[in-house]
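**Q** When you get a sec, could you give me coordinates for this:
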Amino acid sequence: MKLAEGATVIGRSVTIQGDVTGKEDVYVDGVVEGTIALPESRLTVGPNAQVRAEVKAREVVIHGYVEGNVRALGRIELRETAVVKGDLIAERLSIEENASMEGQVELVEPAQPEPAKAEPVKTASAQPADGTQEPTAGLFQP
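**A** Numbers count the residues shown, from 1 in each chain. Down below sits the predicted model:
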């Protein structure tokens, strides 16, 4: 398993209790209890990891154990050795043979940018300053 260059590694002997947040990819092979929030990054849960957390990331790849709901803006991958106890919410989901999952799956539509709201068009009326109406016939005649 190749790590992304510059990824933060939480090794086998490391235990974290609390919140993990950041803007770079994270590889967990230790114990994390709490929340993991990486909205712009990929979280990889290694084969030795024990994660008991609510997880939100751009992408999530799971090789180890995760207890808690997992939400990805893109995709979630459950690899062969993955064990997940919680709900999965993502645009795409990939599950390898022998992976284990206990919970619900919700596949959501890709986030669409909101269309720009058009400003109402103001129409001008051709009225003389004295408030009387002039006939419009012949306006465009030379």
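**Q** Surely Ala37 is in contact with Val20?
**A** Yes: shown here, Ala37 and Val20 form a contact pair, counting by C-beta atoms under 8 Å, at 7.2 Å. Where you see a C-beta, it was placed from the backbone N, CA and C, and this is true even at glycine.
**Q** which residues does Val28 contact?
**A** Contacts here follow C-beta atoms under 8 Å, 6 or more residues apart in numbering; on that basis Val28 touches Ile10, Ile36, Leu43, Thr44, Val45, Gly46, Ala49, Val51, Gly64.
**Q** where does this protein have low pLDDT?
**A** For the chain, applying pLDDT under 70 flags the ranges 1-5, 111-142.
**Q** and with 90 instead?
**A** 1-7, 109-142 (pLDDT under 90).
**Q** What's the biggest strand in it, counting residues?
**A** strand 31-45 (DSSP state E).
**Q** Name the strands paired with that strand and say parallel or antiparallel.
**A** Each strand paired with strand 31-45, and its direction, by DSSP bridges: strand 15-21 (parallel), strand 26-28 (parallel), strand 50-62 (parallel).
**Q** quick one: contacts of it?
**A** Against strand 31-45 from outside (C-beta under 8 Å, 6+ apart): 1, 3-4, 7, 10, 14-28, 49-66, 73, 82.
**Q** same deal with stretch 102-113?
**A** Asn69, Leu73, Val84, Lys85, Gly86, Asp87, Leu88, Ile89, Ala90, Glu91, Arg92, Leu93.
**Q** how about 10 Å then?
**A** 67-74, 76, 83-93, 95 (C-beta atoms under 10 Å, 6 or more residues apart in numbering).
**Q** can you map out the strands along the protein?
**A** Going by DSSP E, the chain shows strands at 8-10, 15-21, 26-28, 31-45, 50-62, 65-67, 70-72, 75-78, 83-85, 88-90, 92-95, 100-102, 105-107.
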